[in-house]
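K.L.:
Structure for the following, please:
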Amino acid sequence: MGVWDVITDLVEAATPWGTAEAEAPQQDKDNSDSKDDQSESKSDDAEDEEDDEEEDEDDEPQDPKEQLEEECKNSKQCAPAKHHFDECVERVTNASDDDGESEDCVEEFFHLAHCATQCAVPKLWSILK
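P.N.:
This is a model prediction of the structure:
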């Protein structure tokens, strides 16, 4: 036995996929029964996951920041920023792509978000205290 044989034996022993052999496929009757069982168990698992998600949603407290910011976006204080954002969205949706230039409303969105945050902060602190 030479050095090369020793190295080859070590490599074959260390790699589990080197000598793996597949089993023969089962007959059609067994496959159809197992497929039905698998589909039933999958539907049961999906229902259990949905129930778990619903329970999790009910247990979590609501974040007042989101609600306050939404109210502030529609308030008189943020009306100019919302007006500019709405105009931009309308302009972008109605614009034709013939010019090759694409406009976005990122700047207007950030102005509106900043205004809503600045408006909501004092209200949020009063709730959290």
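K.L.:
Can you pull out the low-pLDDT segments for the protein?
P.N.:
The model of the chain has pLDDT under 70 over residues 1, 16-58, 96-100.
K.L.:
List the buried residues of whatever helix or strand Lys82 lives in.
P.N.:
Secondary structure assignment for Lys82, by DSSP states H and E: helix 79-94. Judged by neighbour count using 16 or more other C-beta atoms under 10 Å, the buried positions of helix 79-94 are Ala81, Lys82, His84, Phe85, Cys88. (C-beta placed from N, C-alpha, C; glycine too.)
K.L.:
Helices along the protein, start to end?
P.N.:
Ranges of helices within the chain are 3-14, 28-59, 64-73, 79-94, 106-128, based on DSSP state H.
K.L.:
Give the other helices and strands that the fourth one contacts.
P.N.:
Packed against helix 79-94, as judged by 3 or more C-beta pairs under 8 Å, 6 or more residues apart in numbering; DSSP states H and E, are the following elements: helix 106-128.
K.L.:
Pull out the buried positions in the helix it packs on.
P.N.:
Using 16+ other C-beta under 10 Å as the test for burial, helix 106-128 gives Glu108, His111, Leu112, Cys115, Ala116, Thr117, Cys119, Ala120, Lys123, Leu124.
K.L.:
can you state the direction angle for it and helix 64-73?
P.N.:
Relative orientation of helix 106-128 and helix 64-73, computed by axes from the mean of the first three to the mean of the last three C-alpha atoms, to 10 degrees: 120 degrees.
K.L.:
Who are the packing partners of helix 106-128?
P.N.:
Short answer (3+ C-beta pairs under 8 Å, 6+ apart): helix 106-128 packs on helix 64-73, helix 79-94.
K.L.:
between the shortest one and helix 79-94, how many degrees?
P.N.:
I take that to be helix 64-73. On the basis of the same axes, to 10 degrees, helix 64-73 is oriented at 90 degrees to helix 79-94.
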